[in-house]
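[1] My questions concern the predicted model and sequence given below.
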Amino acid sequence: MNELEQQLGYPLADALPALGTTLTVAPGVRWLRMDLPFQLNHINLWLLRDVQDGVQGWSIVDCGITNDATRAAWEQIFANELQGLPVLRVIVTHMHPDHMGLAHWLTERWKVRLWISATDFNTARLASSATTSFGGEGTARFMASHGLIDPEAQAKIKARTNYYASMVPQVPTSYRRLLDGDVLSIDGKAWRCHAGYGHAPEHMSLHCAELGVLISGDMVLPRISTNVSVHEVEPESNPLVLYLDSIKRMKALPEDTLVLPSHGRPFTGLHTRVEQLVAHHDERFAEVLAACAVAPQHAADLLMVLFKRKLDLHQTTFAMGESVAHLHALWLAGRLVRQLGKDGIYRFSAA
Ligand SMILES: [Zn+2]
């Protein structure tokens, strides 16, 4: 446990649900984990005891990635953990592959509705049917405009044309829309939707005041900072400011809330964690400003400043998006100026 994590509470201590089993974390709320084939090697999913249209059963929150192992783990859960009751709906916090991957399979398997924000539903539909989302020529051009011109990296990014669809081959064709402030009745308890921006197009966290539980999705994680990236589809975006504004709004929820994050362990200390994340990004902003005061910098220049270690290509593409996000927050606030060089690369210097 690192120094910052020690400021948080872990009421379940080291307990983890084994693959294919669940652990009750609050009345009617069960925690399960699925493996992921990344450095971030697991995702937390949730089962909520529910009643819909007079039928007893369960709501699923988030799905896991599309592969045989995850489908097999779900079948084990269905056989052993549902008390013979059906799944009634599939709620997805946001469109990323680890959350959305098996939504199509789960909704078909149980003939139930997907519940998700409209922005994430439509973005997932497009990304799943496109051949170039999160890779390909467009991404390569965007990365080059921020200084990632290494030929090997460029070639690999151009070749990565099936990234999202490989993990989310299909998206349900219909859905029920979640909006900020919507209140879902789950087993007679009110769960309020909290929209969050900057990580995904329109991420939904779910809060139940009666249980004192927040399903935070990827917006607030206990150990790692949430990925906040500029992507080529919206190359002048300012996601870090959107993200920081979103998590600051979560401080309106009680500090003793049990936070159920998508990665890591359930924790208490929501306000503390939000303050830690704000401080983390403030430190990164200071480092970027200091570097840009010495000489104009592009996003690739700043990878070492921001991440302080050598990154592989997969990490580099994520890190580039984050580096641009820090630059944009400062540029769009008027603290840096942006210039386009004759080499086609954007560089940022002190305003
Ligand atoms: Zn995510």
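    That came through fine. Numbers count the residues shown, from 1 in each chain.
[2] Okay, buried residues for the lengthiest helix in the chain please.
    If you go by DSSP state H, the chain has its longest helix at helix 270-294. Judged by neighbour count using 16 or more other C-beta atoms under 10 Å, the buried positions of helix 270-294 are 270, 273-274, 276-277, 281, 284-285, 288-289, 291-292. Glycine gets a C-beta too; all of them are placed from N, C-alpha and C.
[3] Which one of those residues is nearest to the ion?
    Leu277 (15.0 Å; C-beta to the ion).
[4] from what I can see that closest one touches Ser225, true?
    Yes - counting by C-beta atoms under 8 Å, Leu277 sits close enough to Ser225 to count as a contact (6.0 Å).
[5] sorry, back to before: identify the residues contacting the longest helix of the chain?
    In this structure, residues lying in contact with helix 270-294 by C-beta atoms under 8 Å, 6 or more residues apart in numbering are 4, 7-8, 214, 220, 222, 225-226, 240, 244, 247-248, 250-251, 253-255, 257, 259, 267, 297, 301-302, 305-306, 326-327, 329-330, 335-336, 348-350.
[6] give me that answer again for 6 Å
    Outside helix 270-294, the residues within contact range by C-beta atoms under 6 Å, 6 or more residues apart in numbering are 4, 7, 220, 225, 247, 251, 255, 257, 259, 297, 305-306, 326, 336, 348-350.
[7] Buried subset of those residues, written for ChimeraX?
    A single ChimeraX command suffices to select whichever of the contacts of helix 270-294 are buried according to 16+ other C-beta under 10 Å:
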select :4,220,247,257,259,297,305,306,326,336,348
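[8] So which of the contacts of helix 270-294 are in strands?
    When the contacts of helix 270-294 are checked against strands using DSSP state E, the ones located there are 259, 336, 348-350.
[9] since we're on Val90, how many residues are nearby?
    Using other C-beta atoms under 10 Å, Val90 has 26 other residues around it.
[10] Would you double-check that Arg223 falls in a strand?
    No - looking at Arg223 with DSSP: H, G, I helix; E, B strand; the rest coil, it is coil, so not inside a strand.
[11] give the contact list for it.
    For Arg223, the contacting residues are Gly264, taking C-beta under 6 Å, 6+ apart as the criterion.
[12] change it to 8 Å
    Arg223 is in contact with 2, 5, 263-264, counting by C-beta under 8 Å, 6+ apart.
[13] just Met250 next, same as before
    When the contact criterion is C-beta under 8 Å, 6+ apart, the partners of Met250 are 194, 196, 205, 214, 216, 219-220, 270, 274.
[14] what's the spacing between Arg347 and the ion?
    With the distance defined as C-beta to the ion, to the nearest Å, Arg347 ends up 30 Å from the ion.
[15] pretty sure that residue contacts Leu336?
    No - distance between Arg347 and Leu336: 9.7 Å, which falls outside the contact criterion (C-beta under 8 Å).
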